[in-house]
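Participant: coordinates for the following, if possible.
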Amino acid sequence: MIKEILADAKDRMEKSLESLRHDLAKIRTGRAHPDLLAHVTIDYYGIETPIAQAANITVLDARTLGITPWEKGLASKIEKAILMSDLGLNPANMGDSLRIPMPALNEERRKEMVKLVRSEAEKGRVAIRNIRRDANSDIKDLLKDKEISEDEAKKGEENIQKLTNDMIAKADVIVQEKEQDLMEI
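Facilitator: Presented below is the predicted three-dimensional model:
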């Protein structure tokens, strides 16, 4: 039973790390990356649709994204959606496609981005700690119902703490890489 709780906690913690990676991918580093537009949606036949599902997004060079809509009339809708997003990007409409140059980040903006990264990191750590709390609660319930001994409960809680420490360390590495990416000129 403890193995099941541990496996479930590990699975949920890994999903939290993946969510952290996904959230950090949205934070702009000055380099062109298709994931920057992952959360930008357009009205596509009455349905809010991510740009990636209505157009082809490519990296033209290190600082330029190219978007080729699958239908002719979508270029202007995509352009408006990008302008309305909080990304601070200015797409250039080339008629049937868009070019999005990535503006260079100044020092002040980089520091703001690092703060944002740290905030996302803390959310990830809190999620991992909440999973630890749930797993420990499950172990205590087993102990209360006398399905496991106190020694087994103590060993299970130690294993969950080790897992938590490992996952938080992985989250810290992910955040550190993102911060270095942001501070690179």
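
Participant: where exactly do the helices run in the protein?
Facilitator: 2-25, 74-84, 107-144, 150-183 (DSSP state H).

Participant: what does the shortest one contact?
Facilitator: Put plainly, it is helix 74-84. Contacts to helix 74-84, defined as Cβ atoms under 8 Å, 6 or more residues apart in numbering, come from residues 37, 40-44, 51, 54-55, 67, 69, 89-91, 93, 95-98, 100. (Each C-beta comes from the backbone N, C-alpha and C, glycine too.)

Participant: what stretches of this protein score poorly on pLDDT?
Facilitator: For the chain, residues meeting the criterion pLDDT under 70 lie at 28-30, 185.

Participant: hmm, 80 instead?
Facilitator: 25-36, 38-39, 62, 86-88, 103-110, 112, 182-185 (pLDDT under 80).

Participant: number of nearby residues for His39?
Facilitator: 15 (other Cβ atoms under 10 Å).

Participant: just checking, it touches Ile27?
Facilitator: No. Taking contacts as Cβ atoms under 8 Å, His39 lies outside contact range of Ile27: 11.1 Å.

Participant: picking that back up, JSON lines for the helices of the chain, including distance to Ala62?
Facilitator: Formatted as JSON lines, the helices of the chain follow (distance: least, Cβ to Cβ, whole Å):
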{"stretch": "helix 2-25", "distance to Ala62": "17"}
{"stretch": "helix 74-84", "distance to Ala62": "19"}
{"stretch": "helix 107-144", "distance to Ala62": "17"}
{"stretch": "helix 150-183", "distance to Ala62": "13"}
